[in-house]
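**Student:** Sharing a model that was predicted from the sequence below.
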Amino acid sequence: MNAIETEGLCKYFREKKALDNLNLEVPKGIIFGYLGPNGAGKTTTIRVFLNLVKPTKGTAYILGEDIRESRNYLRKIGFLPDVPNFYNFFTAREFLSFIADITDIENPKKRIEEILELVGLKNEKGRIGTYSRGMKQRLGLAQALLPDPELLILDEPTSSLDPQGRKEVLDLIHSLKDNKTIFFSTHILTDVERICDRIGILKEGRLLLEDDIENIKKRYRRRRILIEVDDLKRFSERIKETLKPNSIEVKNNSIIIEVLEIYNTLKEIPQIIVQENLLLEKLEVLEPSLEDIFLEVTNAT
Amino acid sequence: MLLKLMKKEFYEFRKTGKLIAMIITFLIFSIVSPITAKIMPELIRSISSEITIIIPTPTWKDAFLQFFKNLNQMVFLIVVLLFIGSIAEEKNRKTAGLILSKGVDRKKWILAKFLFQISLVFILTIISFFLCYYYSVILFPDTEFDVSLQSCILFLVYMTFIISLTIFSSSIGNNIIQAGGIFITIFIILGILNMLSPVRDYNPIYLSSLENQWVTTGVEWNSAVKTIISSITLSVILIFIGLYSFNSQELE
Ligand SMILES: Nc1ncnc2c1ncn2[C@@H]1O[C@H](COP(=O)(O)OP(=O)(O)OP(=O)(O)O)[C@@H](O)[C@H]1O
Ligand SMILES: [Mg+2]
């Protein structure tokens, strides 16, 4: 069963199509990375999921409920907004006990201490108004996790964290995977590579790609090889002659070639090296990074 | 849920100093009003000792006229200023979206604010009334309890309308400026209508003149029935439109 499923979901702001016929599937129990350039419609998607705006057309099913018909599912969701803003007059503990109060959490005192420990705000006694952006993001995560929700929806959860904090939060999100589904939007592709099982790439309200990370990498694997030899000039001439690569790129003391067929190429290269009596220093088949894929997918349209 | 949400409003008022500001405003005027009524003639006499002005001796009526004048000016202003942003600013700061995304019912969220505000104003008004009455009796032993209390009930009806109007304005506006604009526009229109006698009897603003009338010439429920009924009806309509509009709004 899917935690989130959308059916031809559209959201127009006047004539602006923020979401255009979105068909998304997020299976239960995975970490889903929702990617897209600025203004792609990521936050809008999340606002629709949370019933803060109504879809123009189509609908979404969240934890099995149609968002047009019920708001009960909201009780099973934890949400971290993109720019977390809370009541400035509360301290973190007071704010969390208010949230615990309205979401009917059992044994709130204990739970609040646990969560504060988890997000690293245990020793913060001050009012939220005095918090830094990163601290607010941590508190945002705390209030989202507090009711132990089935589905976590996080809008750019690591955008204002320091490197240490980013690692902690990613590890935390990763560790929650066992009994939760996590849907998070981000621009930070290394975060996605680190923890996501599946991604969707959105641009101008349209979903360009949605698949498991493994499949995507297979699909976009380019036939690129990096070679380092002692005489680059002679080597690249021979390569051009015999292999006729799609592209050839010389960088510092290495050469990157892109070919149509990788197996023959890998057989030919050592032969050339032997024939020319060159010294082979390095040979590497290059994996595409998610960034390469992201740029390729979003620039293609 | 309503109580939990009201508790948060109370907490907010306490933490941000709004509660203290309201208590002080109410209390100051309940104590000061009878005293000013008593000493005003002497004050005027001391300033203009050259000419003799004939000033009638002050009575308990002057104490309560002062009291209602202050309630309708300063207290009114404080109440509107502190309440007008209650919904609009939460929309603006996105805290509304955060809380409502947790499955809190939108209507309850607004109603909790309304109930909190009206309880606070009623409690403070009643306490101030008794304080004012207490001081008035000390200064003017013939103070009439029945008349002043019934005039005070008119003020409570009037405040019900004003709070409904702030809730309405705040539900519609997207920030405190918009909400304030809506409030002032409606209030000015009502003020202009209050000068036209045919609709005057149905105008909630007329209640504030009635308070004074009752204090000076005696209680007369018959003349106020229309105004009271229409004020309460209008309050219900305003709250209803506010709830309905907020329910279909897009939030961030
Ligand atoms: N209330 C609104 N009225 C009009 N247009 C809107 C509104 N909200 C969003 N949009 C438009 O919808 C588009 C998608 O915005 P959205 O905030 O969803 O992008 P995003 O993917 O979250 O971007 P970012 O990465 O910058 O957070 C943008 O072009 C934005 O201008
Ligand atoms: Mg966004």
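**Tutor:** Right, received. Where do you want to start? Ligands and ions are numbered 1, 2, ... in the order given.
**Student:** Would you list the phi and psi of whichever residue of the stretch 1-150 of chain A sits closest to chain B?
**Tutor:** With CB to the nearest CB as the measure, A:Leu74 is the residue of the stretch 1-150 of chain A nearest to chain B, at 3.5 Å. All C-beta atoms are positioned from the backbone trio N, CA, C, and that covers glycine. With angles defined as degrees, to the nearest 10, A:Leu74 sits at phi -60, psi -30.
**Student:** Which secondary structure element is home to the closest residue to it other than its chain neighbours?
**Tutor:** Of all residues not flanking A:Leu74 in the chain, B:Gly103 sits nearest, at 3.5 Å (CB to CB, 6 or more residues apart in numbering or on different chains). Under the assignment given by DSSP states H and E, B:Gly103 is not contained in any helix or strand.
**Student:** Which single residue of chain A ends up nearest ligand 2?
**Tutor:** Nearest residue of chain A to ligand 2, counting by CB to the ion: A:Thr43, 3.2 Å away.
**Student:** again, but for the stretch 1-150 of chain B
**Tutor:** Ligand 2 sits closest to B:Lys94 of the stretch 1-150 of chain B, with a gap of 12.6 Å, by CB to the ion.
**Student:** Quick check: what element follows the longest strand seen in chain A along the chain?
**Tutor:** Ranked by number of residues, the top strand in chain A under DSSP state E is strand A:2-13. Going down the chain from strand A:2-13, the next helix or strand is strand A:16-22, by DSSP H and E.
**Student:** ok, A:Glu291 - contacts?
**Tutor:** For A:Glu291, the contacting residues are A:Leu189, by CB atoms under 8 Å, 6 or more residues apart in numbering or on different chains.
**Student:** go again using 10 Å as the cut-off
**Tutor:** A:Glu291 makes contact with A:Leu189, A:Thr190, A:Val192, A:Glu193, according to CB atoms under 10 Å, 6 or more residues apart in numbering or on different chains.
**Student:** just how off-centre is the host helix or strand of the last one within its chain?
**Tutor:** Just to be clear, that refers to A:Glu193. Assigned by DSSP H and E, A:Glu193 belongs to helix A:189-195. Centroid separation for helix A:189-195 versus its chain: 6 Å, with CA atoms, centre = their mean, to the nearest Å.
**Student:** Just the buried ones from the contacts of A:Glu291?
**Tutor:** Among those, those classed as buried by 16 or more other CB atoms under 10 Å in any protein chain shown are A:Leu189, A:Val192.
**Student:** And the furthest pair within the contacts of A:Glu291?
**Tutor:** Pairwise distances across the contacts of A:Glu291 peak at 7.3 Å for A:Thr190 and A:Val192 (criterion: CB to CB).
**Student:** Overlap in contacts, those two.
**Tutor:** The contact sets of A:Thr190 and A:Val192 overlap at A:Leu170, A:Leu290, A:Glu291 (CB under 10 Å, 6+ apart).
**Student:** Which of those fall in helices?
**Tutor:** Taking DSSP state H, the ones among these that sit in helices are A:Leu170, A:Leu290, A:Glu291.
**Student:** Pick the one among these closest to B:Ile39.
**Tutor:** When those are compared for distance to B:Ile39 (CB to CB), A:Leu170 wins out at 71.5 Å.
**Student:** Wait, that closest one touches A:Lys177, no?
**Tutor:** No - with contact taken as CB atoms under 10 Å, A:Leu170 and A:Lys177 are classed as non-touching, separated by 11.4 Å.
**Student:** okay, and the common contacts of those two?
**Tutor:** Both A:Leu170 and A:Lys177 are contacted by A:Ile31, A:Ile195, under the criterion CB under 10 Å, 6+ apart.
**Student:** residues near the nearest residue to A:Arg238 once chain neighbours are set aside, how many?
**Tutor:** Of all residues not flanking A:Arg238 in the chain, A:Ile272 sits nearest, at 5.0 Å (CB to CB, 6+ apart). If you count neighbours by other CB atoms under 10 Å in any protein chain shown, A:Ile272 ends up with 19.
**Student:** ok, now which ones touch the spatially most central residue of chain B?
**Tutor:** Geometric centre of chain B, nearest residue: B:Met159, 3.7 Å, by CA atoms, centre = their mean. Each residue near B:Met159 by CB under 10 Å, 6+ apart is listed here: B:71-72, B:75-76, B:79, B:117-118, B:121-122, B:124-125, B:207, B:235.
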